[in-house]
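Asks: what's the 3D shape of this:
(one chain, ligands or ions: 1)
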Amino acid sequence: MIEVNGLTKRYGDVLAVSDLTFTVPPGQVTGFLGPNGAGKSTTLRMILGLTRPTAGTTTVDGRPFTQRQAGLHHVGALLDAGDVHPGRSAAAHLAALARGNGLPRRRVREVLDEVGLAAVARRRVGGFSLGMRQRLGIATALLGDPPVLLFDEPVNGLDPEGVRWVRRLFRRLAAEGRTVLVSSHLMSEMQNTADRLVVVGRGELIAEETVAEFAARGGRTRVMVGSPQPDRLAAVLTDAGAAVAAVGDGGSAVLAVTGLTAARIGELAHHQRIVLHELTARTASLEEAFMELTAGSADYRAGYRAGYRAEEGR
Ligand SMILES: Nc1ncnc2c1ncn2[C@@H]1O[C@H](COP(=O)(O)OP(=O)(O)OP(=O)(O)O)[C@@H](O)[C@H]1O
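Replies: Sure thing, here's the model as predicted:
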């Protein structure tokens with residue numbers, strides 16, 4: 001179990017992490033999601049005691065990680081896959097870590113097998129692809145057979161087969177009762193892997209919930225409405241309580257409307273004698289729900305009043 005309490009990190013004017021509180025329970029995969037720069041890496045580094053918090057605390061199984069004597073036995077982490085001496089072989093890199101942490105030599109062979117690098121164990125890491133480096137980073141995290149595992153963007157550089165493999169690995173580690181925290185900036189990577197999500201944006205906690213709860217949020221429907229009279233229509237719909245955003249770039253204006261059914265929008269338009277060219281209900285994907293959540297969907301209403309808020313794509 002990882003507990004993060006009121007965690008804050010300031011770099012000069014930048015508030016990288018702001019009063020963050022969440023827990024990561026054992027036996028589950030927790031996705032740590034947020035756009036680039038949201039503060040995920042900084043948080044992981046603070047959990048590991050590599051970065052000192054400006055305020056707040058983090059504990060691993062009840063104690064600050066820095067108070068743990070045998071680090072790799074307690075927490076395994078993949079932070080930066082590039083952080084390996086390029087002249088060393090994968091086996092030599094892992095053997096040095098095993099020695100330094102009092103781990104049996106056989107663990108090197110076991111984790112190399114586990115991550116599929118046994119055949120290239122003697123090759124210099126400098127010649128490894130990004131995907132192979134990620135696998136080596138995962139092997140390093142597994143080396144001490146720890147109950148708590150942190151992975152920072154582990155899927156970067158992996159091919160589709162690698163992505164499937166890493167998903168199965170995380171699920172198995174959680175099924176063994178371990179605490180697994182995996183950061184990503186893509187919802188699509190997490191929706192088939194994680195049980196729970198901790199979502200951050202601009203250093204702040206946005207949501208902490210199960211993927212099922214998040215999916216319910218993602219299942220929200222919005223209605224795409226095309227009209228040659230978008231300004232009047234948008235005013236009518238916002239007055240009726242809807243959130244309205246403009247979609248696309250010119251041509252026939254299309255509004256993305258949430259908070260009213262397609263039938264109600266049609267009735268309102270008819271009542272106000274506003275012409276409609278399109279009226280289509282769309283269910284948002286989880287990725288869209290995530291983007292909307294992290295972009296601050298509350299801006300939609302204000303966004304319309306200040307002029308349309310342009311959205312990309314549909
Ligand atoms: N050592 C540092 N000095 C100054 N600013 C930093 C430092 N480390 C991080 N930051 C800033 O803190 C913020 C959060 O960065 P962080 O790397 O934790 O985010 P992230 O969610 O991991 O993003 P990414 O997915 O891009 O890695 C960013 O604005 C970043 O520029």
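Asks: For whichever strand or helix holds R172, which residues meet the burial criterion?
Replies: Using DSSP states H and E, R172 maps to helix 160-175. Going by neighbour count (16 or more other Cβ atoms under 10 Å), the buried part of helix 160-175 is G162, V163, W165, V166, R167, L169, F170, R171, L173, A174. C-betas here are computed from N, CA, C, even on glycine.
Asks: Tell me, how many residues neighbour the closest residue to E204 other than its chain neighbours?
Replies: What sits nearest to E204 in space, not counting adjacent residues and going by Cβ to Cβ, 6 or more residues apart in numbering, is S18, at 4.9 Å. Around S18 sit 19 other residues, with neighbours defined as other Cβ atoms under 10 Å.
Asks: helices or strands next to the helix or strand containing S18 in the packing?
Replies: Assigned by DSSP H and E, S18 falls within strand 14-24. Judged by 3 or more Cβ pairs under 8 Å, 6 or more residues apart in numbering; DSSP states H and E, the packing partners of strand 14-24 are strand 2-11, helix 40-47, strand 55-60, strand 196-201, strand 204-210.
Asks: who touches the first one?
Replies: Contacts with strand 2-11, where a contact means Cβ atoms under 8 Å, 6 or more residues apart in numbering, come from 15-24, 39, 42-43, 46-47, 51, 53-60, 62, 148, 179, 181, 203.
Asks: Show me how the chain divides into domains.
Replies: According to automatic domain parsing, the chain comprises the domains 2-211, 219-311.
Asks: circling back: buried set for the helix or strand following the helix holding R172?
Replies: Going down the chain from helix 160-175, the next helix or strand is strand 179-184, by DSSP H and E. Under the neighbour-count criterion of 16+ other Cβ under 10 Å, strand 179-184 has T179, V180, L181, V182, S183, S184 buried.
Asks: do stretch 265-272 as well
Replies: Buried, per 16+ other Cβ under 10 Å, within stretch 265-272: I265, L268, A269.
Asks: Of those, which belong to helices?
Replies: I265, L268, A269 (DSSP state H).
Asks: Go back to those and keep what's next to the ligand.
Replies: Of the residues in these, proximity to the ligand by Cβ under 6 Å from any ligand atom holds for none.
Asks: Pipe these into a markdown table and attach pLDDT per row.
Replies: Listed next are those as a markdown table, based on pLDDT from 0 to 100:
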| residue | pLDDT |
| --- | --- |
| I265 | 96 |
| L268 | 97 |
| A269 | 96 |
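Asks: for these, which one is nearest the ligand?
Replies: The shortest approach to the ligand among those belongs to I265, at 37.4 Å (Cβ to the nearest ligand atom).
Asks: Correct me if wrong: the closest one contacts V223.
Replies: Yes. Here I265 reaches V223: they are 5.7 Å apart, a contact under Cβ atoms under 8 Å.
Asks: Return every residue with contacts to both of the two.
Replies: Joint contacts of I265 and V223 (Cβ under 8 Å, 6+ apart) are V257, L279.
Asks: For the stretch 1-150 of the chain, what lies in contact range of the ligand?
Replies: Applying Cβ under 6 Å from any ligand atom, we find that the stretch 1-150 of the chain lies next to the ligand at Y11, V14, A16, G34, N36, G37, A38, G39, K40, S41, T42.
Asks: Could you dump the residues you listed into TSV and include pLDDT and neighbour count?
Replies: Converted to TSV, these look like this (pLDDT from 0 to 100; neighbours: other Cβ atoms under 10 Å):
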residue	pLDDT	neighbour count
Y11	94	11
V14	90	12
A16	93	22
G34	89	24
N36	84	8
G37	86	14
A38	89	23
G39	93	25
K40	94	24
S41	95	19
T42	96	21
